[in-house]
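In: Give the three-dimensional model of this entry:
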Amino acid sequence: MPARLLRLFPAPPVETPLKGTYLAHGIHALGTPEAPFVYANFVSSLDGRIAVDDPGTGESTVPPGLTSGNDFRLFLELQAQADCLITHGGYLRAIAARRLDDILQVGTGEATRDLAAWRRDNGLAPQPAVAIASASLDFPLPASLAAHGQRVLVATVEGAPADRIAALRAQGCEVVTTGAGLVQGGVLTRLLGERGFRSLYLLAGPLMLETMLRDGMLSRLYLTLAHRLMGGEGFHTMIGGPVLGAAGRLRLASLYYDATSPDGTGQWFGQFEPLHIAGGSD
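Out: Residues are numbered from 1 along each chain as shown. Next comes the predicted model:
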């Protein structure tokens, strides 16, 4: 039987099919080149873990009990609506080391052909562009990017290694600089908008989420909250750095309940909008 969700908010509660839930949000049409729509997606445990450190290797991993097929389907529906995916060098290194799967393409598997068709029917390019944020430029490019003809942009900082910039340009990448220190979300959003991108999906972890929030660029946060406690002495959460203050205020826009997954515990799928998007103030 196809998976179904219970929409709890906005009221009244109503049962709805899982498939198509996030496609119905029409994210691809919400932004413009002048004001790109920037959105992120995270999955977290009840105790705030998005990843834990492997005691043996020290590598950061997503615990198996935190993810599910239903969550991944909604992740892919968000990805399908992007003009451009924003990722980082650490993810590309993890792909090369086979610690993480390459998920930089849309609709390439038999079970996800409908997402490729959805992009075509909605006037999007067959595959999203990919923007890679990296200060060190120490990463290999996955072969899949060239194989699928994806446009690749690399966002780096002042003083980045000149030889690596030249090597990336020789591979067909456009390299841009966003300032000193770390790649800044506000500058990156503006640069991508100038290149015509309207919907930007963050696959870049807590640092990019933080800079997008601090720069007032984040338009929407999708959060899957798995109903379990993870523990772990070494762990990662959604946000770090100094206190966010007003930049961290979010308002609930929708909430769905999946009663059975992962592992029979249940999970919530929440959608939050920063108050500068949702409007008003407390």
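
In: mind listing what G181 touches?
Out: 135, 157 (Cβ atoms under 8 Å, 6 or more residues apart in numbering). C-betas here are computed from N, CA, C, even on glycine.

In: Please report how far it lies from F272.
Out: Distance, G181 to F272, by Cβ to Cβ, to the nearest Å: 27 Å.

In: Equivalent analysis for A125, please.
Out: Taken as Cβ to Cβ, the span from A125 to F272 is 28 Å.

In: and the two? which has more neighbours close in?
Out: F272 (19 against 14; other Cβ atoms under 10 Å).

In: quick one, strands of this structure?
Out: Using DSSP state E, the strands assigned to the chain run over residues 4-9, 14-17, 37-44, 51-53, 60-61, 84-88, 129-133, 152-156, 174-177, 199-202, 218-226, 235-236, 250-258, 267-274.

In: Tell me the strands beside the fourth one, with direction?
Out: This means strand 51-53. strand 60-61 (antiparallel), strand 235-236 (antiparallel) (DSSP bridges).

In: Residues touching it, excluding its own?
Out: 59-63, 230, 232-236.

In: Mind pulling up the pLDDT for the closest residue to P36 other than its chain neighbours?
Out: Nearest residue to P36 in three dimensions, chain neighbours excluded: G193, at 4.7 Å (Cβ to Cβ, 6 or more residues apart in numbering). G193 carries a pLDDT value of 98.

In: Please report the distance of G193 from L213.
Out: From G193 over to L213 the distance is 18 Å, taken as Cβ to Cβ.

In: Any stretches of the chain with poor pLDDT?
Out: Applying pLDDT under 70 to the chain flags the ranges 277-282.

In: And the helices in it?
Out: 69-79, 89-96, 113-121, 143-147, 162-170, 185-194, 205-214, 275-278 (DSSP state H).

In: Of those, which is nearest A131?
Out: A131 sits nearest to helix 185-194 of all those, at 6.1 Å, using Cβ to Cβ.

In: starting at the chain centroid, how far to the closest one?
Out: Distance of helix 185-194 from the chain centroid (Cα atoms, centre = their mean, to the nearest Å) equals 16 Å.

In: Can you name the residues in contact with that helix?
Out: Here helix 185-194 makes contact (Cβ under 8 Å, 6+ apart) with 32-36, 38, 84, 86, 131, 133, 153, 155, 176, 178-179, 200, 208, 211-218.

In: so it versus helix 205-214, what angle?
Out: 80 degrees (axes from the mean of the first three to the mean of the last three Cα atoms, to 10 degrees).

In: Columns mean neighbour count on top of the strands paired with strand 51-53, output as a markdown table?
Out: Converted to a markdown table, those look like this (neighbours: other Cβ atoms under 10 Å):
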| stretch | mean neighbour count |
| --- | --- |
| strand 60-61 | 16 |
| strand 235-236 | 17 |
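
In: thinking again about what came up before, of all the helices of the chain, which one comes closest to A259?
Out: helix 69-79 (10.5 Å).

In: Can you tell me which helices and strands that closest one packs against?
Out: If contacts are counted by 3 or more Cβ pairs under 8 Å, 6 or more residues apart in numbering; DSSP states H and E, helix 69-79 sits against strand 37-44, helix 113-121, strand 218-226, strand 267-274.

In: For the first one, output the C-alpha coordinates as CSV.
Out: Right, strand 37-44. Below are the C-alpha coordinates for strand 37-44, written out as CSV (Å, rounded to 0.1, in the frame of the first residue of the first chain):
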residue,chain,number,x,y,z
PHE,A,37,14.5,30.9,-2.9
VAL,A,38,17.0,29.2,-0.6
TYR,A,39,15.9,26.0,1.2
ALA,A,40,17.5,23.4,3.4
ASN,A,41,16.5,19.9,4.6
PHE,A,42,17.8,18.1,7.7
VAL,A,43,16.9,14.9,9.6
SER,A,44,17.4,15.0,13.4
